[in-house]
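Engineer: give the three-dimensional model of this entry:
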Amino acid sequence: MNLKQRLRLAFSAFEAIATTVAIAIALPLAATAESGPGPGPLGPGLGCNFFPVSAAVGAAVDPSYFGPPPSSVNPSLVGPLQLLNTGEINFQKGTITIPLYKGQLRTGETVWYILTDTDDAQNAKALGLNLSSKLAFTASGVRTGNFNSAGQIIFNEGKVDFSLERQVQPGLSNRPFPPTAAQPGSVGDAAYSPLVRIRNSGGHVYNAPMIAFNTDASRIHFPDGNPDYKLVHDEVVAIDTTKMTVTLNLVNGFSFGRPVWYVSMDANDPTVAAIEGATFAPALKRIQVGNDDSFSSAVERIFIAVNGPSENACENPQRQGLFAALTDGFRPNNTFGGIPTLATDYSPLWDANLYEWTPEAISKGYRSQLREEFQILGLVEAGYLSGPNGSKFGSTGNIINCPVVFRLL
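Structural biologist: Numbering: from 1, shown residues only. A predicted model of the protein is given here:
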């Protein structure tokens, strides 16, 4: 069954699947200690699940009368489209299974990693990776490495401790963000960045987030799931060191009004990393933020609501933001800037722009779910959105490494 047929089947069977999956994957984020991936993208209500329904809703014909989505003709047109094409997506579980790679530090420790993006256009096509030209501007925040004779990357530096237990303790009930305590489940040393420039192979940059470090294959072999999160990244659902694959949890988001699925791998701030279930990657702090799409900018903007609609949790179709995520345990439904096929400025390094609805906007009933960059910027300009606690809107200085995987529409 090809991807188009699988998607048609998934679309028509969506309602039956969603409830079952939600029960299976819902894990509360607001607990004091909870390593592991947490909720996936198929939550129990319209506020936590954006998988499109059949186009036949409200029509007088069966879904079989509808032709293939326009995206099958032109990827820039509306419709489902896989962007990270290195593996298979499970539409019933909201996961992707991709290749697992094994390398080394030059000091001898084993590095287990994945590949998601590169600034090498030809290899992006050949390997099914996301192309991000902006990665060429990441020199200040990359590690370096070289291929050995076996084709393994020998990284010059960068270690990660995966043994920690992720902890997130929300703040007060009326203002749960920022959390009162937060501890990432994996922490890199001062040199760790997911980015690597391979010096003896064209000098191109690859996004190579670490999955496990300095451990034998037998200790992290969990092909049927339930991995040991003291050894592997918190977004890992299953890992197979025989087939050399890893299954990762996907996350809901939006880009220019379209729902997308992505993976959250690293962040340059420990609190953000804890909330995201990501690795704290200190070396990403060296990358400049705030310049968006100007020359030499390595980042693209992500827009994160602080106090978006949170009443009734996932049952609220307008649900969005960190208040919601820290109280009901599901993801915040963030809004990306440009992604591949919708814009030319994609970067997996997302410059976090937090916004907060003003008291005036709330009193007038304007607070709602926002899915598009320029809608957000327009509301900032109109004075209905600000930075946290009424501060000036803009970059918080935080970078989140979130490669985009699938465009749902």
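Engineer: what pLDDT does the nearest residue to Asp62 once chain neighbours are set aside get?
Structural biologist: Nearest non-adjacent residue to Asp62, counting by Cβ to Cβ, 6 or more residues apart in numbering: Ala56, 6.3 Å away. Bear in mind the C-beta positions are built from the backbone N, C-alpha and C, glycine included. Looking at Ala56, its pLDDT is 94.
Engineer: now do the contacts for Ala56.
Structural biologist: Applying Cβ atoms under 8 Å, 6 or more residues apart in numbering to Ala56 gives the contacts 62-63, 65-66.
Engineer: need the max-distance pair from these.
Structural biologist: Asp62 and Phe66 (8.6 Å; Cβ to Cβ).
Engineer: how about the strands in the stretch 51-200 of the chain?
Structural biologist: Ranges of strands in the stretch 51-200 of the chain, per DSSP state E, counting those that start in this stretch, are 81-82, 88-90, 95-99, 101-105, 110-113, 117-118, 130-131, 143-147, 153-155, 160-161, 167-169, 181-183, 186-188, 195-198.
Engineer: and the contacts of Ala56 as JSON lines, adding distance to Tyr262 and neighbour count?
Structural biologist: Output for those, formatted as JSON lines (distance: Cβ to Cβ, whole Å; neighbours: other Cβ atoms under 10 Å):
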{"residue": "Asp62", "distance to Tyr262": "33", "neighbour count": "10"}
{"residue": "Pro63", "distance to Tyr262": "27", "neighbour count": "14"}
{"residue": "Tyr65", "distance to Tyr262": "33", "neighbour count": "10"}
{"residue": "Phe66", "distance to Tyr262": "27", "neighbour count": "14"}
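Engineer: closest one of those to Leu231?
Structural biologist: Nearest member of the contacts of Ala56 to Leu231, counting by Cβ to Cβ, is Pro63, at 44.0 Å.
Engineer: quick check: chain neighbours aside, which residue is closest to that closest one?
Structural biologist: In space, Pro63 is closest to Ala56, 4.3 Å off (Cβ to Cβ, 6+ apart).
Engineer: longest single strand anywhere in this protein?
Structural biologist: strand 349-357 (DSSP state E).
Engineer: quick check: next helix or strand after that strand?
Structural biologist: Note on strand 349-357: by DSSP states H and E, the next helix or strand toward the C-terminus is helix 359-363.
Engineer: just the CA trace of that following helix, in CSV.
Structural biologist: Extracted in CSV, the C-alpha atoms of helix 359-363 (Å, rounded to 0.1, in the frame of the first residue of the first chain):
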residue,chain,number,x,y,z
PRO,A,359,-5.8,41.8,29.5
GLU,A,360,-7.6,44.0,27.0
ALA,A,361,-7.6,41.3,24.3
ILE,A,362,-8.9,38.7,26.8
SER,A,363,-11.6,41.1,28.1
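Engineer: contacts for that helix?
Structural biologist: By Cβ under 8 Å, 6+ apart, helix 359-363 touches 367, 379, 383-385.
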